[in-house]
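*Asks:* Coordinates for the following, if possible.
(chains A, B, C and D)
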Protein chains: 2
Amino acid sequence: MTAKPKGARNKRSQGTDVSPASEKGPNSEPPLSLERIVTTAVELLDAHGVDGLKMRQLADRLGSGAMSLYWHVDNKEQVFDLALDSVLKYCGPPQSVQSQDWRGDVIHMLEDWRASMLRHPWSASLLPRRALGPNILGRLELLSKTLSRAGVTDADLNVAIWSLWNYVIGATITRASFDLSDDDRAAAQQRLTGLSEQYPTIERSRLLMDNDWDGAFRKGLDFLLDGLAPKQ
Amino acid sequence: MTAKPKGARNKRSQGTDVSPASEKGPNSEPPLSLERIVTTAVELLDAHGVDGLKMRQLADRLGSGAMSLYWHVDNKEQVFDLALDSVLKYCGPPQSVQSQDWRGDVIHMLEDWRASMLRHPWSASLLPRRALGPNILGRLELLSKTLSRAGVTDADLNVAIWSLWNYVIGATITRASFDLSDDDRAAAQQRLTGLSEQYPTIERSRLLMDNDWDGAFRKGLDFLLDGLAPKQ
DNA sequence: ACCTGAACACCGTTCAAGT
DNA sequence: ACCTGAACACCGTTCAAGT
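*Replies:* Predicted structure coming up:
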């Protein structure tokens, strides 16, 4: 329960000639900071997935002793929270000054959200289980404001937001986990072919292969928006 | 790589007077079987969540030595696969003989699917990450067949199925994880209230509380079906 | 204020062995 | 064919201590 540093603070010049970033020099590392911990955690998560993030390995990669992390961070859960939200920052649509195209703005934000999560395939499945960080709250606030301005009533607002949330989360988790396991997917389709008399329809359409995920995502999103918001 | 039993086989009479089912009698347990393992695994998952299932505890609860499980099962992953699919069985709509109401049939199956997963809150988040078992494949086959009969062309079929899948998965995972942590949710809304100048819109609509999840689910589903399938 | 190594509790799984 | 205990490798975290 002792006080701990919260925000990121000191930016230091990077001019000194250290070994290339991919090297694990056992010395001459900059001191630990929340910033460095989160950056490195994201790298490890990208490389090894949710189950592949180990506190010891993370400390090792940062060039510090195994237990030094625990001064900056309460526990592993918090590392997940920070890494997750760090990946969800949104900078807004291209030219944003009170755009008239609310639908375009919504689609831009949601497609960017999905793309950010697909760049870090561990993130989507983590998001529903963790506390909502500032970046994801910022996205929800922006979404609310845009839909509200587009004419969605307060009574319908929460339904609209959660429908879109559900759709984006489901689509991204599914897409990411199918991406993770190409072999598994092929094996599954293979196994399915062996049982083609039990599952003739999905076997015929090759449901588990050859899908236009991006197109399908956009199409379903259009249908939802058609229903959720009044046509202008 | 030695041969192992696959299907469930011997049904044995249960007439002998043993201790009541909730007792952990150290002896007089029936022998291990895939069936018993899966049933007990589901119980433990319901009680303690995904992270709360331990192989030792599972064996203990079954009244057998810690390592006996590994004769019936390859590893913990397989326990997850079996428990997951066991929870997804579908018995079909009420009176099913070639129903004319394809839309009602689809909605019935999807709402039943969602309800089954909500009864076992660990299941939804597991489903996208694991291999597809026979029960979930059966649901997808039925969905394909119904939509196909309703006039969805082969070219549009996969898009339709995945859109619905994404929506159901996203909605259920989100709902289940919010259910799991009532306190956390209240705390989150509380924290949000403290930052109301940063997130005024979602604060005002109390996005994180008081939601009609069932109604929202049904509404979004209707919108999707409107878009995906031709009006009759 | 910041970092560290030793140690603890826990957990999945291998293995050689029992019946 | 089916079950078992001992043992291994691994991992998050506590603690008492260093600078």
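
*Asks:* From here on, just use CA atoms for contacts and neighbour counts.
*Replies:* Noted.

*Asks:* helix or strand right after the helix or strand bottoming out on mean pLDDT in chain A?
*Replies:* Within chain A, no helix or strand scores below helix A:182-194, which has a mean of 76 by mean pLDDT, DSSP states H and E. Where DSSP states H and E defines the elements, the next helix or strand beyond helix A:182-194 is helix A:200-204.

*Asks:* Against which helices or strands is the next helix or strand after that next one packed?
*Replies:* Downstream of helix A:200-204, the first helix or strand assigned by DSSP H and E is helix A:213-228. Under the contact criterion of 3 or more C-alpha pairs under 8 Å, 6 or more residues apart in numbering or on different chains; DSSP states H and E, helix A:213-228 touches helix A:154-180, helix B:154-180, helix B:213-228.

*Asks:* quick one on the thing from earlier: the least confident helix or strand of chain A: how far from the chain's middle?
*Replies:* 27 Å (C-alpha atoms, centre = their mean, to the nearest Å).

*Asks:* what's the angle from that helix to helix A:154-180?
*Replies:* 90 degrees (axes from the mean of the first three to the mean of the last three C-alpha atoms, to 10 degrees).

*Asks:* Could I get the buried residue list for helix A:182-194?
*Replies:* A:185, A:188, A:189, A:192, A:193 (16 or more other C-alpha atoms under 10 Å in any protein chain shown).

*Asks:* Name all residues that make contact with the nearest residue to the third one once chain neighbours are set aside.
*Replies:* Read that as residue A:189. In this structure, residue A:189 finds its nearest non-sequential neighbour in residue A:208, 6.0 Å apart by C-alpha to C-alpha, 6 or more residues apart in numbering or on different chains. Residues near residue A:208 by C-alpha atoms under 8 Å, 6 or more residues apart in numbering or on different chains: A:185, A:186, A:188, A:189.

*Asks:* pLDDT score assigned to residue A:208?
*Replies:* On pLDDT, residue A:208 comes in at 83.

*Asks:* do you know how far it is from residue A:125?
*Replies:* 20 Å (C-alpha to C-alpha, to the nearest Å).

*Asks:* Likewise for residue A:162?
*Replies:* Taking C-alpha to C-alpha, one finds residue A:162 at 16 Å from residue A:125.

*Asks:* Then residue A:81?
*Replies:* Distance of residue A:81 to residue A:125, given as C-alpha to C-alpha: 12 Å.

*Asks:* Who has more neighbours out of those two?
*Replies:* Neighbour count, other C-alpha atoms under 10 Å in any protein chain shown: between residue A:81 and residue A:125, residue A:125 has more, with 24 against 18.

*Asks:* Is that one within a helix or a strand, and which one?
*Replies:* helix A:123-126.

*Asks:* check whether the helix or strand following that helix contacts chain B.
*Replies:* Remark: after helix A:123-126, the chain's next helix or strand is helix A:134-149, criterion DSSP H and E. Yes: judged by C-alpha under 8 Å from any C-alpha of the partner chain, helix A:134-149 comes into contact with chain B at A:137, A:138, A:140, A:141, A:144, A:145.
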